[in-house]
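Undergrad: Sequence unavailable; structure follows:
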């Protein structure tokens with residue numbers, strides 16, 4: 001598989017750093033059919049956690065936020081990279097950014113156990129457009145475009 005690099009919007013919210021908070025949010029999103037590309041949780045201070053939500057469909061996430069009072073910060077933009085798991089796979093991506101004098105702010109990568117990897121990559125907001133050009137990033141694949149039109153959400157079917 002060739003390396004594919006996508007622009008991935010994400011949102012943040014905060015929650016108390018206590019057991020069950022992320023579970024409650026994830027359960028709510030699943031109940032309302034909000035599919036996620038990724039999710040992370042990071043401690044940001046005494047008693048508080050930042051939850052980072054990378055939705056497949058931003059409209060559905062915004063709808064849940066409006067209906068439930070969930071306060072979201074965003075959209076922000078990251079890159080979602082996928083490719084074959086090989087030695088040095090991430091080096092090529094970092095070299096391209098380094099050569100363009102673009103700093104990687106945060107990143108997380110995982111091998112999928114099937115010969116591939118996924119990698120979330122963040123740059124400073126002011127560098128995002130340039131990084132997108134340097135990396136040749138595209139929007140989320142077309143099979144995900146208009147996703148909300150292809151699958152009715154279960155709670156809408158009963159209305």
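TA: Received the coordinates, thanks. Everything quoted here is computed from the prediction, not taken from an experiment.
Undergrad: Now name the helix or strand holding the spatially most central residue of the chain.
TA: Nearest residue to the geometric centre of the chain (CA atoms, centre = their mean): residue 54, 2.9 Å. Using DSSP states H and E, residue 54 sits in strand 48-55.
Undergrad: other SSEs contacting that strand?
TA: Where contact means 3 or more CB pairs under 8 Å, 6 or more residues apart in numbering; DSSP states H and E, strand 48-55 is packed against strand 4-16, helix 21-31, strand 36-45. No exception for glycine: its C-beta is placed from N, CA and C like everyone else's.
Undergrad: Taking strand 4-16 as reference, get the angle to that strand.
TA: If you take axes from the mean of the first three to the mean of the last three CA atoms, to 10 degrees, strand 48-55 sits at 150 degrees to strand 4-16.
Undergrad: so what's the nearest residue to residue 118 once chain neighbours are set aside up against?
TA: Closest residue in space to residue 118, ignoring its immediate chain neighbours: residue 82 at 5.2 Å, by CB to CB, 6 or more residues apart in numbering. Contacts for residue 82 (CB atoms under 8 Å, 6 or more residues apart in numbering) come out as 1, 3, 4, 116, 117, 118, 119.
Undergrad: Can you point out the buried residues in the one helix or strand residue 82 maps to?
TA: In this structure, residue 82 sits in strand 73-84 according to DSSP H and E. For strand 73-84, a neighbour-count test (16 or more other CB atoms under 10 Å) marks 74, 77, 78, 79, 80, 81, 83 as buried.
Undergrad: Just checking: what are the partner strands of that strand?
TA: strand 4-16 (antiparallel), strand 116-123 (antiparallel) (DSSP bridges).
Undergrad: quick one: contacts of the shortest one?
TA: If I follow you right, that is strand 116-123. 1, 8, 38, 40, 54, 78-85, 89-90, 93, 97, 102-112, 131.
Undergrad: Wait, residue 100 touches residue 131, no?
TA: Yes: using CB atoms under 8 Å, residue 100 is in contact with residue 131, at 7.3 Å.
Undergrad: neighbour-wise, which of these two wins?
TA: More neighbours surround residue 131 than the other of residue 100 and residue 131, with 23 against 13 (other CB atoms under 10 Å).
Undergrad: now the buried residues of strand 73-84 as JSON lines including distance to residue 33 and pLDDT?
TA: Shown next, in JSON lines, are the buried residues of strand 73-84 (distance: CB to CB, whole Å; pLDDT from 0 to 100):
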{"residue": "74", "distance to residue 33": "20", "pLDDT": "92"}
{"residue": "77", "distance to residue 33": "23", "pLDDT": "95"}
{"residue": "78", "distance to residue 33": "22", "pLDDT": "96"}
{"residue": "79", "distance to residue 33": "25", "pLDDT": "96"}
{"residue": "80", "distance to residue 33": "20", "pLDDT": "93"}
{"residue": "81", "distance to residue 33": "26", "pLDDT": "93"}
{"residue": "83", "distance to residue 33": "29", "pLDDT": "89"}
